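1. Mind looking at a prediction? Sequence and model below.
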Amino acid sequence: MLRSIKSAHELLLKDDPDTAITVHTIRMWCKQGKVRYLTAGTKILVDMESLRNYIENQG
């Protein structure tokens, strides 16, 4: 499932309203290659499975 960074953040907030993960953090993880993503023009589309796996494996 691919989502924009903002939409990915909103989905994380829905699952965990007290999350400390920000839009900026997700953007940086993508640019650092920690989370898979695609670009459509200038828009970054985050792979939600990759994002969730990265978050789960950090703890």
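-> Okay, I see it. Fair warning: this is a prediction, and the values are worked out from it, not measured in the lab. Numbering: from 1, shown residues only.
2. Go ahead and confirm Val46 touches Val35.
-> Yes. Taking C-beta atoms under 8 Å as the definition, Val46 is a contact partner of Val35 at 6.3 Å. C-beta here means a position set from N, CA and C on the backbone, and glycine is covered the same way.
3. What spatial separation is found between the closest residue to Thr22 other than its chain neighbours and Pro17?
-> In this structure, Thr22 finds its nearest non-sequential neighbour in His9, 7.1 Å apart by C-beta to C-beta, 6 or more residues apart in numbering. Distance of His9 to Pro17, computed by C-beta to C-beta, to the nearest Å: 12 Å.
4. more crowded one of those two?
-> His9 (21 against 7; other C-beta atoms under 10 Å).
5. low-scoring stretches of the chain, by residue?
-> Along the chain, the model assigns pLDDT under 70 to residues 59.
6. which residue sits closest to Met48, ignoring its sequence neighbours?
-> Met1 (4.5 Å).
7. dump the residue contacts of that neighbour.
-> 47-49 (C-beta atoms under 8 Å, 6 or more residues apart in numbering).
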